[in-house]
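Visitor: With the sequence up front, the predicted model follows.
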Amino acid sequence: MERLINIDNGGTLTDICVGSGTDFAFTKTLTTPVDLSQCLFDAMTKASTVIYGEPNLSGLLHSTQHIRYSSTQGTNALVEHKGPRLGLIVDDVDILGELHHDARSWSLLDDIVGDRTAIVPSGLDGDELTAALVAEMTRLTTAGAERIVLAASSQAREKLFKHIILERFPRHLLGSVPVLFSWEFAADEVRARRIWSGIINSFLHPTVERLLYSAEQRLRTHKVKNPFLIYRNDGGSSRVAKSVALKTYSSGPRGGLEGTRALAQAYGLPRVLMIDVGGTTTDVGTVWDYEIATARRGEIYGIPVSYELSDVHSTGVGGSSIIAVEDGQIIVGPKSVGSAPGPACFGFGGTQATITDVNLLLGVLDPDKFMDGEMFLDADRSRAVIQQSIAEPLGITVEEALIEMASAYAHKVSESFASLVDSAETTTLAAFGGGGPMSACEAARIAGVRKVLIPKLAAVFSAFGISFSDISQSYERNVTDLSQAQIEAAAGELESLATRDMFQEGYDIDECTLDWSYLVEHADGRTDGRTLSEAIDSAADVRSEGGQQTILALRAARSLPHPIVQGGSPETKSAAVSAGTRAVRTSAAVVEDLPVYLLDQQAPGATGPGPAIVEGQFFTARVPAGWELEISNSGDLLLTDTH
């Protein structure tokens, strides 16, 4: 069976999971921010070593059916507001008011657009309109706009604007200042939602574009024939040229949600809350009744956009988040040191404290076994940074600072998901990512959650979750009040598009599943949908009232092999076997020798009390006092608060 490579590129670490049937090989590598395609190939080379016993990148690539890739680079760019300077041209002053609908949208628009806005009055026409557009384009580019979003109130008006701009600024002259036309990007009648979609996409696009096309070019040098696929937030994958940057937002966490759903089904857990703690962010999502929470019109920072997105919330707290003192208080994030320079203990020149430095000095992390022993952590550097940036400003000892920092970090992680816990007794927290297992129990206890599930593939779980993805494309047509003949014509157009696009993905339409549905959409984006038993049903089904729209939707998908996840806890229990002890600071004045359990050496049904340390491959889990650990049939770590 040909392999499928799944890669999740984070701000600090890049994860890879290679699947072939029921067998998986996985590893991690540092993200290379200067050239993000480099860490992709570093990860694949390391994975080939795991599989073949020596580096054999060519052998791995040529035994692979597809490479599916997701990245948090766009998510991190928005979290830290790092991206291109945008310009915005509209034809109605009221649009700017609609875009500034709350404090979050004010902040985001101010940071990425600022005063680079222009209003071309809707009453202008002819030479006056041309002169106004040319003048505003020139002013915005002179003011430093690297990309421009143009949004008119009507589709016809925007087409006129486009004609003028391309006539006066041909693409070979406009050069490095691309223009996105909002109606072409999203045919959404709600203009604030449509314009925000264009703004966010334009902000994300350069980061994603540089990475993906660089990766594709490097793959061509290896004569790889199968297309490089980008993993999207809706759970599907497609060629780079068939995706938009906005759909890559929080795509890595969507992989985690797919894996979480598989765990929920395997263990029979109807309410699972996912936290994926990476280097820069903690991503939170829910799987209620075995369904991933999604929104047809998703939200980013509470800002509605025109595309379907899984309901994932990202908070600027991760293993590389900067911990500092402001106004006498310990503050965690949202800024991150990333992988370069990284936490102080990495030894790459980092001069700011992170939770990684804290856990190293607490004794939770073994300095010789970080990244599965591939990287040594320098405790002296961590101590010096924490002494200077935390202990001295607060007038406390380093030992006291460590406890205070760990508490502040756990509260920050808990804040990221606490509002979603509506039934603490029936909710299970699925925690993964490099930092999730270390803080999950303390954060869960703060939120009142008593059960934590840490998968054995926790360190690369989002990459593993991408394994549930198929190659797919989605299409829509507004068929409100159309005749039966017009609906049939619209369906024919959609199927033609699907046939073309899936062929370009490498598959005939006969190999694909076509899922048709009618969606009755309300003004706020809510939908009432019904899957059709036939491609087209009665025209009476698409009559809409009260301003609702009826959408004919098609999803074309080519299935790829999915992994099988097993769960369950054996009836026969045994004591977990310790591999030794580790001195861990549990308070400012107390250091305890805690048992260390190696996860992959425990038998199913093995149990043990906290406090303890559990070492998995590429991750460390901390089990506090009052918690009990158990190993499931499939080797996952089940944790229960017994207090």
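Guide: Yes, it's here.
Visitor: that's a helix at residue 475, yeah?
Guide: No: counting by DSSP: H, G, I helix; E, B strand; the rest coil, one finds residue 475 to be strand, located in no helix.
Visitor: and residue 424, how many neighbours does it have?
Guide: By other C-beta atoms under 10 Å, 15 other residues sit near residue 424. Every C-beta, even on glycine, is put in place using the N, C-alpha and C of the backbone.
Visitor: same question but for residue 493, I mixed them up
Guide: Around residue 493 there are 14 other residues, counting by other C-beta under 10 Å.
Visitor: helices or strands next to the helix or strand it falls within in the packing?
Guide: Here residue 493 sits within helix 484-504, counting by DSSP states H and E. Helix 484-504 sits against strand 471-478, strand 513-521, strand 549-558, with contacts defined as 3 or more C-beta pairs under 8 Å, 6 or more residues apart in numbering; DSSP states H and E.
Visitor: strands paired with the last one, and their directions?
Guide: Yep, that's strand 549-558 we're talking about. Using DSSP bridges, the strands paired with strand 549-558 in its sheet are strand 471-478 (antiparallel), strand 513-521 (antiparallel).
Visitor: Pairing partners for the helix or strand following that strand, with directions?
Guide: The helix or strand immediately downstream of strand 549-558 is strand 574-575, counting by DSSP H and E. Within its sheet, strand 574-575 is paired with strand 606-609 (parallel), according to DSSP bridges.
Visitor: could you give the mean pLDDT of the helix holding residue 493?
Guide: The average pLDDT within helix 484-504 is 93.
Visitor: ok now it, how far from the chain's centre?
Guide: 31 Å (C-alpha atoms, centre = their mean, to the nearest Å).
Visitor: Could you do stretch 378-390 as well?
Guide: Counting by C-alpha atoms, centre = their mean, stretch 378-390 comes out at 31 Å from the chain centroid.
Visitor: List the buried residues in that stretch.
Guide: For stretch 378-390, burial by neighbour count (16 or more other C-beta atoms under 10 Å) applies to 378, 381-386, 389-390.
Visitor: residues in contact with residue 434?
Guide: Under the criterion of C-beta atoms under 8 Å, 6 or more residues apart in numbering, the neighbours of residue 434 are 12-13, 28, 277-279, 319, 459, 618-619.
Visitor: Closest to residue 429 out of the residues you listed?
Guide: Comparing these against residue 429 with C-beta to C-beta places residue 277 closest, at 11.3 Å.
Visitor: what separates that closest one from residue 349, distance-wise?
Guide: 24 Å (C-beta to C-beta, to the nearest Å).
Visitor: Could you tell me the per-residue confidence at residue 339?
Guide: 72.
Visitor: In which helix or strand does it reside?
Guide: Residue 339 belongs to no helix or strand, assigned by DSSP H and E.
Visitor: Am I right that it is in contact with residue 11?
Guide: Yes: with contact defined as C-beta atoms under 8 Å, residue 339 and residue 11 form a contacting pair (7.0 Å).
Visitor: quick one: common contacting residues for those two?
Guide: 31, 279, 320.
Visitor: Apart from its neighbours in sequence, what residue is nearest the second one?
Guide: Once its chain neighbours are removed from consideration, residue 279 has its nearest residue in residue 12; the separation is 2.5 Å (C-beta to C-beta, 6 or more residues apart in numbering).
Visitor: And the one you found, how far from residue 257?
Guide: With C-beta to C-beta as the criterion, residue 12 and residue 257 are 21 Å apart.
Visitor: Equivalent analysis for residue 148, please.
Guide: Per C-beta to C-beta, residue 148 is found 34 Å from residue 257.
Visitor: before we move on, what about residue 423?
Guide: According to C-beta to C-beta, residue 423 and residue 257 sit 19 Å apart.
Visitor: So between these two, which is more surrounded?
Guide: residue 257 (31 against 10).
Visitor: quick one: the closest residue to residue 626 other than its chain neighbours and residue 309, what's the gap?
Guide: Among residues not flanking residue 626 along the chain, residue 643 sits closest, at 4.4 Å (C-beta to C-beta, 6+ apart). Here residue 643 is placed at a distance of 37 Å from residue 309 (C-beta to C-beta).
Visitor: which one of those two has more residues nearby?
Guide: Shown here are residue 643 and residue 309; by other C-beta under 10 Å, residue 309 has more neighbours (22 against 9).
Visitor: so what's that one bridging to?
Guide: residue 295.
Visitor: cool, and residue 20?
Guide: Counting by DSSP bridges, residue 20 forms beta bridges with residue 23.
Visitor: As a check, name the ranges of all helices in the stretch 351-500 of the chain.
Guide: Per DSSP state H, counting those that start in this stretch, the stretch 351-500 of the chain carries helices over the ranges 355-362, 379-386, 392-394, 398-417, 436-447, 461-465, 484-504.
Visitor: circling back to that earlier point, residue 339 and residue 11: which is more packed in?
Guide: The residue with more neighbours, out of residue 339 and residue 11, is residue 11; 26 against 23, by other C-beta under 10 Å.
Visitor: Find the nearest non-adjacent residue to the more buried one, please.
Guide: Residue 11 sits nearest to residue 280 (C-beta to C-beta, 6+ apart), 3.7 Å away.
Visitor: quick one, domains of the chain?
Guide: 3-78+208-225+241-248, 83-205, 321-409, 471-558, 574-641 (automatic domain parsing).
Visitor: I'd guessed residue 120 sits against residue 133; true?
Guide: Yes: using C-beta under 8 Å as the test, residue 120 is close enough to residue 133 to be in contact (5.9 Å).
Visitor: who touches both of the two?
Guide: 89, 161.
Visitor: any low-confidence regions in this structure?
Guide: 1, 21-22, 171-176, 523-547 (pLDDT under 70).
Visitor: Quick test: name the residue nearest the centre of it.
Guide: The residue lying closest to the centre of the chain (C-alpha atoms, centre = their mean) is residue 250, at 2.5 Å.
Visitor: most distant residue from the middle of this structure?
Guide: residue 127 (46.2 Å).
Visitor: That one and residue 136, how far apart?
Guide: 15 Å.
Visitor: Same check on residue 75?
Guide: With C-beta to C-beta as the criterion, residue 75 and residue 136 are 31 Å apart.
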